[in-house]
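Visitor: quick one: sequence plus predicted model below, questions after.
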Amino acid sequence: MKVFLTGASGVMGRSSIDALHRAGHDVVGLARSQQAADVIAAAGAKPVPGDIYDRPAMTAGMRGCDAVANLATKVPVGSGALRPGSLKKIDRIRLHGSRIVAEAALRAGVGRLVQQSLSFIYADHGDDWLDEHSPVDVTRATEPVVVAEDNVKAFAAEGGTAVSLRFGLITGDDPNTAWLFRRAAAGRSIGLGDEKSWMHLIHTDDVGTAVVHALGAPGGTYNVGAEPVQRRDYVDMIALAAGRRSGGHFLPPWILRLGAEKLEILVRSQRVSSQLFSDRTGWHPDHPKLTPDWFDDLVRA
């Protein structure tokens with residue numbers, strides 16, 4: 001298949017280019033700058049100039065493609081998430097960019113659209129398991145994610161096949177994990193929320209293989225990630241990889257009040273099952289359980 005990627009120069013995009021190539025697919029990547037185009041070309045994909053608000057450029061680039069994967073994001077890193085307006089760019093991408101991508105795909109005659117989504121939108125359910133039928137909790141922080149999913153449903157209503165992938169927290173060789181790793185190495189606090197609450201994670205490499213399997217998935221919404229892990233184990237694993245033998249530390253509760261809804265979605269207890277995606281596509285993560293080797297690239301760096 002020929003696959004068009006947005007966000008092709010980012011963490012998810014590079015992972016997907018590699019996995020798509022290994023699966024025998026051709027890849028075209030949207031590039032909003034020459035630097036992004038260079039990254040995309042170096043990864044082995046064909047760069048197409050434009051951005052996700054440039055409908056004509058995307059429509060032209062998508063022509064002849066069998067599928068589009070919208071992986072565009074602009075996630076604030078570390079403490080930058082607490083700054084006023086830190087989510088404006090990523091919210092605009094999800095609220096408006098996802099709609100323009102879907103419209104361009106329809107105009108270009110693309111048959112399948114894969115949308116990056118997040119399992120963060122589920123409500124806190126303590127120790128209970130969550131699947132695709134579990135209720136979501138829509139706040140100002142999660143509404144853009146829900147809207148992005150609705151935009152790809154509109155693509156499906158026009159006859160296309162739409163797949164939304166609710167990824168867990170991307171963990172591995174990515175900017176936010178690197179920020180946590182550096183803090184842990186310096187003995188600083190990195191944990192948020194209840195130590196016994198559950199997290200849904202996905203290794204950076206497994207994002208790409210999930211996108212590959214989404215090309216053959218029945219239309220719908222799927223959870224995608226590794227086995228859930230308790231927050232204390234997540235914090236200690238990063239600290240251990242960073243060379244701290246006494247475990248990791250948690251930030252004080254008042255930080256959550258400072259971050260309000262931006263941080264609230266990061267501390268929900270979400271014991272998320274990805275079984276449906278595995279059952280329907282045969283996808284299984286190469287990193288099924290959080291272990292110290294998830295951070296090998298950061299250790300080497």
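Guide: Cool, got the structure.

Visitor: who are the contact partners of Ala226?
Guide: Contacts for Ala226 (C-beta atoms under 8 Å, 6 or more residues apart in numbering) come out as 168, 201-203, 206, 274, 285, 287-290. Every residue, glycine included, has its C-beta placed from N, CA and C.

Visitor: may I ask which of those has the most neighbours?
Guide: Ser274 (29 neighbours; other C-beta atoms under 10 Å).

Visitor: hmm, Gly225 and that residue touching each other?
Guide: Yes - at 5.2 Å, Ser274 and Gly225 qualify as touching, with contact defined as C-beta atoms under 8 Å.

Visitor: can you work out which residues contact both of these two?
Guide: Pro285.

Visitor: returning to what we had before: hmm, which two among the contacts of Ala226 are most spread apart?
Guide: Pairwise distances across the contacts of Ala226 (C-beta to C-beta) peak at 14.0 Å, for the pair Ser274 and Leu290.

Visitor: any idea which element the closest residue to Thr209 other than its chain neighbours lies in?
Guide: Of all residues beyond its chain neighbours, the one nearest Thr209 is Ala19 (4.8 Å), with distances taken as C-beta to C-beta, 6 or more residues apart in numbering. When secondary structure is defined by DSSP states H and E, Ala19 falls within helix 11-22.

Visitor: show me what the helix or strand just after that helix is packed against.
Guide: Following helix 11-22 in sequence order, the next helix or strand is strand 26-31 (DSSP H and E). Contacts defined by 3 or more C-beta pairs under 8 Å, 6 or more residues apart in numbering; DSSP states H and E place strand 26-31 against strand 2-6, helix 11-22, helix 34-42, strand 46-49, helix 55-62.

Visitor: so which of those gets nearest Val147?
Guide: Nearest of those (C-beta to C-beta): strand 2-6, 16.3 Å.

Visitor: what's the closest one packed up against?
Guide: Identification of packing neighbours for strand 2-6 by 3+ C-beta pairs under 8 Å, 6+ apart yields helix 11-22, strand 26-31, helix 55-62, strand 67-70.

Visitor: okay, now Ile238: neighbour count?
Guide: Counted by other C-beta under 10 Å, the residues lying close to Ile238 total 25.

Visitor: against Ala60, how distant is it?
Guide: In this structure, Ile238 and Ala60 are 43 Å apart, going by C-beta to C-beta, to the nearest Å.

Visitor: ditto for Thr204
Guide: 30 Å.

Visitor: over to Asp128?
Guide: 47 Å.

Visitor: which residues touch Arg271?
Guide: Contacts of Arg271 by C-beta under 8 Å, 6+ apart are 125, 127-130, 198, 200, 228.

Visitor: for this protein, which segments count as helices?
Guide: Listed in chain order, the helices of the chain (DSSP state H) span 11-22, 34-42, 55-62, 88-92, 98-108, 143-157, 175-185, 204-214, 231-241, 254-264, 275-281, 296-300.
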